[in-house]
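Enquirer: next one to model:
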Amino acid sequence: MTEQAQFSCDPTEFAGKRALVTGGTKGMGEAIVRRLAAAGAMVATTARSSLPEGQTVKLFIQADVSTPEGVGKVAREVRDRLGGLDILVNNVGGSSAPSGGVLALGDDDWRRALDTNLLAAVRLDREFLPGMLQQGSGVIIHVSSIQRSLPLFEATLAYAAAKAALTNYSKGLSKEVGPKGVRVNSVAPGFIETTAAQGLIARLAESAGTDRETARGRLMDSLGGIPIGRPGRPEEVAELVAFLASSRAASIHGSEYVIDGGTVPTV
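Expert: Reported below is the predicted structural model:
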């Protein structure tokens, strides 16, 4: 996909709801921001870089939420501008670790993976949970990854381990806060063809002297295959997140939803 899909949804579904989506200027995060906004939510988002030209959100906060300072900045600005949250989507994640297997990863690589993929969510939850508990309602969604159960050792083992910890934490949190009115779920995407993924496919095609379709197929094969025959799309993840955040999913709690086109081969 090279163009953004338009969402067809009830424009009042999230009317009056205040939402924060971390890492919401590209990829899945950007799609989640658009989906919630299209349904009437007041959406705030964050990124380390500035807001791309042409994108608009209710509130943009330039901050690195992998750091305590960045989380503190986000929390202050959201409370000042929105007064609190009804929906928190912890979407930030990723890996910058070098290839070469486990021995290529130093302590700094592990710290970055844990700060970005686990502790960012833990710290943001800690900031906004008190308000949700006080109002007796709220939704928290953690974006994990199928690598939590299908780790790739070459370059992203620390990322996979951090996402496994995030899923475990999410389940534990749900048991504590569910009886107090706050729902907690997680979403585990597989290969989602974001703009960044399209760039990777293009580079793989160029280096192999082949076309993008062949490169995409080889990348899918390296993950063990995708039974539906294609990667997922950011908008499909956004629809799942919106459903879980909505009153239609009022009894869904403490669960993880895999969206990977069938990549995970086990029950």
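
Enquirer: quick one: pLDDT of the closest residue to Lys180 other than its chain neighbours?
Expert: Leaving aside its sequence neighbours, Lys180 sits nearest to Leu133 (CB to CB, 6 or more residues apart in numbering; 5.3 Å). No exception for glycine: its C-beta is placed from N, CA and C like everyone else's. Leu133 is assigned 98 on the pLDDT scale.

Enquirer: what about Leu133, neighbour count?
Expert: By other CB atoms under 10 Å, 15 other residues sit near Leu133.

Enquirer: please begin residue numbering at 731 from this point
Expert: From this message on, residue numbering opens at 731, which makes the last subject Leu863.

Enquirer: does it belong to a helix, a strand or coil?
Expert: helix (DSSP: H, G, I helix; E, B strand; the rest coil).

Enquirer: that one: what's it in contact with?
Expert: 907, 910-912 (CB atoms under 8 Å, 6 or more residues apart in numbering).

Enquirer: over to Thr993?
Expert: 876, 880, 920-921, 953-957.

Enquirer: am I right that it sits in a helix?
Expert: No - applying three-state DSSP, one finds Thr993 to be coil, outside a helix.

Enquirer: tell me the confidence at it?
Expert: 95.

Enquirer: just to revisit the earlier point, tell me the spacing between the residue nearest to Lys910 and Val917.
Expert: 23 Å (CB to CB, to the nearest Å).

Enquirer: buried residues in the top helix by length along the chain?
Expert: Longest helix in the chain by number of residues (criterion: DSSP state H): helix 887-907. For helix 887-907, the neighbour count (16 or more other CB atoms under 10 Å) marks 887-897, 899-901, 903-904, 907 as buried.

Enquirer: show me what it is in contact with.
Expert: Here helix 887-907 has contacts from 823-825, 827, 831-832, 835, 839-840, 842-844, 846-848, 851-852, 855, 859, 862-863, 870, 872, 874-875, 877-882, 913-916, 918, 983-984, 986, using CB under 8 Å, 6+ apart.

Enquirer: which ones among the residues you listed map onto helices?
Expert: Going by DSSP H, the helices hold 839-840, 842-844, 851-852, 855, 859, 862-863 from the contacts of helix 887-907.

Enquirer: this completes my enquiry, with thanks.
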